[in-house]
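Peer 1: got a predicted structure here, sequence first:
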Amino acid sequence: MSIARFWRETPRRYNLGGSKCLTCGTVAFPPRVVCPTCTHHRQSIGKMAPFQLSGEGEVESFTIVHDPAEGFEMQVPYVLALVRTPEGPRLTGQIVDVEPESVAIGLKVHATFRKLREEGKAGVIHYGYKFAPTGEDEPPPPRAPAVAARAEGAVRDRAEA
Amino acid sequence: MDAGIVSYGAYVPRYRITPAEIGRVWGSDGTSVGQGLNVERKSVPAPDEDTITISTEALRTALLRGGIDPQQIGAIYVGSESHPYAVKPTATVVAQAVGATPNLTAADFEFACKAGTAAIQTCLGLVGAGMIRYGVAIGTDTSQGAPGDALEYSASAGGAAFVVGRERVICRVHGTRSYTTDTPDFWRREGQKYPSHSGRFTGEPAYFRHVTECARGMMEISGLEPKDYRHVVFHQPNGKFPQRVGRQLGFSEAQMRYGLVTPRIGNTYSGAALLGLANVLDHAGAGERILVVGYGSGAGSDAFDLETTDALPGFDRNHGRAVQWYLDHGVEIPYAVYAKFRGKIHLAGS
């Protein structure tokens, strides 16, 4: 992936920055400029505010990868999952800090900040979200501070102005 | 000093390896080596963890606990000797990942194991001078010892983040003092994968001299004696050195109890003294005096005379994990998996 493309996607990969339709409330991830659910799509134009997902979620389905993508050789076998977030969007992500055999549908997970891949030994290193199991008797896990909340307010202010 | 610690967070990777397992591979009595070092096991980062990810997790915890708006952070300094890039600051990625960009200054610090305490001193200066509202100092490492080297039994991974500010201070800083000389006890030359050290020379003229001189100097300035401190935290390259230096200075086991974490997770280098302090703050109540003495090879020591405030008992520790959780948990792995995780195995074409 080109450096420029990854750099553009930094807000979503680092901080789960999506968008929320100020007309119907639908949350989209990755962020969209037009609401996919509003009956009249045009109504949502200019009303899609930045929105940050909490990072909480639940495994909706998963697969255990034994034939890795390039750059993931050291992590085999690893788990790729579809994670349903309470805000609505479904994310694809790796589940880390877990034995693959203990992953099950319904497993509670939270987003964690990890290295995604390296462009060889001399290239840039890409970082972003993965997911880790949330223990039942544990305090709430760390998550990205709500940076989007202010941005959302800013967009709403602009939209209302 | 007006500026003090307003929040903190810690992170230690999930995996552990024991000295016995390391010794098994290299034909040594690892159990004895571990006992000699007072290291039961050490933490190992997953293949997708590094100083940037550990720093980010620790700082996210600190910001949530302190209810701190990341946009109010004026400086982020990350101290480490294992920055993923030689050129491109760890602090830039961390700042972006916690939402602190773009209106702040950021830089990476390096002073062997005391880069994190040096970062705290810098933040105290900036916050104290009123130049910034919050300063962040992080000490993190994913250090490696050469395979089979004595360092391999202790070099581990972890880190802690401290937020320095003037409002809602949970731990006051009465003073800080440093002691620095040119002492070549441990180093890593540019381009080298593993560090070198001068064996026993790392002890008396290096660690013990700097830590004791710095600690005594700090107590002289503060007019206090060892008995006046409830807790003491030393840099802990192994579990043995801090105990010995503590006894030399006149501190008891009870005073060192919470500040010593290396026996359970290994030497986290720049994170070591800071994780010890984080563990003390996890357990402390209001009005408890703490002496922290960091040490970095090369060589230097930074000491801090601290006192917890009335704000600490009400401080929200219910985000992220306490240091004790990391000391109690972890998944042990065999040496082969450790070698794979730490990039000691070269793949075809790599």
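Peer 2: The structure has been received and is ready for your questions.

Peer 1: distance of A:Thr10 from chain B?
Peer 2: Distance, A:Thr10 to chain B, using Cβ to the nearest Cβ, to the nearest Å: 6 Å. Quick note: C-beta positions are derived from backbone N, CA and C, even for glycine.

Peer 1: pLDDT weak spots in the chain?
Peer 2: If you meant another chain, say so; for now it's chain A. Low-confidence segments of chain A (pLDDT under 70): A:136-161.

Peer 1: not quite, I wanted chain B
Peer 2: Low-confidence segments of chain B, defined by pLDDT under 70: B:349-350.

Peer 1: can stretch A:12-27 be found next to chain B?
Peer 2: Yes. Figure legend: stretch A:12-27 in contact with chain B (Cβ under 8 Å from any Cβ of the partner chain); contacting residues A:14-15.

Peer 1: quick check: end-to-end length of that stretch?
Peer 2: End-to-end distance for stretch A:12-27: 13 Å, by Cα to Cα, to the nearest Å.

Peer 1: can you list the buried residues in that stretch?
Peer 2: By neighbour count on 16 or more other Cβ atoms under 10 Å in any protein chain shown, the buried set for stretch A:12-27 is A:12-23, A:26-27.

Peer 1: go on, stretch A:99-113?
Peer 2: For stretch A:99-113, the neighbour count (16+ other Cβ under 10 Å) marks A:103, A:107, A:109-113 as buried.

Peer 1: which SSE is B:Leu327 in?
Peer 2: Here B:Leu327, judged by DSSP states H and E, is contained in helix B:323-328.

Peer 1: what lies in contact with the following helix or strand past that helix?
Peer 2: Tracing the chain C-terminally past helix B:323-328 and defining elements by DSSP H and E, one meets strand B:331-332 next. The set of residues external to strand B:331-332 that reach it, using Cβ atoms under 8 Å, 6 or more residues apart in numbering or on different chains, is B:14-18, B:21, B:41.

Peer 1: for those residues, which one is nearest B:Ala129?
Peer 2: Distance to B:Ala129 across these (Cβ to Cβ) is lowest for B:Arg14, with 40.0 Å.

Peer 1: grab the nearest non-local neighbour of the closest one.
Peer 2: In space, and not counting its chain neighbours, B:Arg14 is closest to A:Asp97: 4.8 Å by Cβ to Cβ, 6 or more residues apart in numbering or on different chains.

Peer 1: measure that neighbour to A:Ser44 for me?
Peer 2: Using Cβ to Cβ, to the nearest Å, A:Asp97 is found at 38 Å from A:Ser44.

Peer 1: the more surrounded of the two?
Peer 2: For A:Asp97 versus A:Ser44, neighbours defined as other Cβ atoms under 10 Å in any protein chain shown are more numerous around A:Ser44 (22 against 17).

Peer 1: quick one: what helix or strand has B:Arg168 in it?
Peer 2: Under DSSP H and E, no helix or strand contains B:Arg168.

Peer 1: for it, what are its contacts?
Peer 2: Taking Cβ under 8 Å, 6+ apart, one finds B:6, B:66, B:311 in contact with B:Arg168.

Peer 1: make JSON lines from those residues and add distance to B:Pro226, secondary structure and neighbour count to it.
Peer 2: Compiled in JSON lines, these are given as follows (distance: Cβ to Cβ, whole Å; DSSP: H, G, I helix; E, B strand; the rest coil; neighbours: other Cβ atoms under 10 Å in any protein chain shown):
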{"residue": "B:Val6", "distance to B:Pro226": "28", "secondary structure": "strand", "neighbour count": "26"}
{"residue": "B:Gly66", "distance to B:Pro226": "31", "secondary structure": "helix", "neighbour count": "22"}
{"residue": "B:Ala311", "distance to B:Pro226": "26", "secondary structure": "coil", "neighbour count": "16"}
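
Peer 1: just name the closest of those residues to A:Glu56, please.
Peer 2: Nearest to A:Glu56 among the contacts of B:Arg168: B:Gly66, at 20.9 Å, using Cβ to Cβ.

Peer 1: tell me which residue in the stretch 101-250 of chain B sits closest to chain A.
Peer 2: Proximity of the stretch 101-250 of chain B to chain A (Cβ to the nearest Cβ) peaks at B:Thr101, 9.2 Å away.

Peer 1: pretty sure that residue is touching B:Val94, no?
Peer 2: No. In this structure, B:Thr101 is not within contact of B:Val94 by Cβ atoms under 8 Å, at 9.9 Å.

Peer 1: which one's more surrounded, these two?
Peer 2: Shown here are B:Thr101 and B:Val94; by other Cβ under 10 Å, B:Val94 has more neighbours (32 against 19).

Peer 1: report the separation between the more buried one and B:Tyr77.
Peer 2: Per Cβ to Cβ, B:Val94 is found 10 Å from B:Tyr77.

Peer 1: kindly report the same for B:Asp228.
Peer 2: Relative to B:Tyr77, B:Asp228 is positioned 30 Å away (Cβ to Cβ).

Peer 1: now do the same contact list for B:Phe234.
Peer 2: By Cβ under 8 Å, 6+ apart, the residues touching B:Phe234 are B:211, B:215, B:241-242, B:245-246, B:256, B:259-260, B:273, B:276, B:293, B:295.

Peer 1: let's have those residues in JSON lines, adding secondary structure.
Peer 2: Below are the contacts of B:Phe234 laid out as JSON lines (DSSP: H, G, I helix; E, B strand; the rest coil):
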{"residue": "B:Val211", "secondary structure": "helix"}
{"residue": "B:Ala215", "secondary structure": "helix"}
{"residue": "B:Phe241", "secondary structure": "helix"}
{"residue": "B:Pro242", "secondary structure": "helix"}
{"residue": "B:Val245", "secondary structure": "helix"}
{"residue": "B:Gly246", "secondary structure": "helix"}
{"residue": "B:Met256", "secondary structure": "helix"}
{"residue": "B:Gly259", "secondary structure": "coil"}
{"residue": "B:Leu260", "secondary structure": "coil"}
{"residue": "B:Ala273", "secondary structure": "helix"}
{"residue": "B:Gly276", "secondary structure": "helix"}
{"residue": "B:Val293", "secondary structure": "strand"}
{"residue": "B:Tyr295", "secondary structure": "strand"}
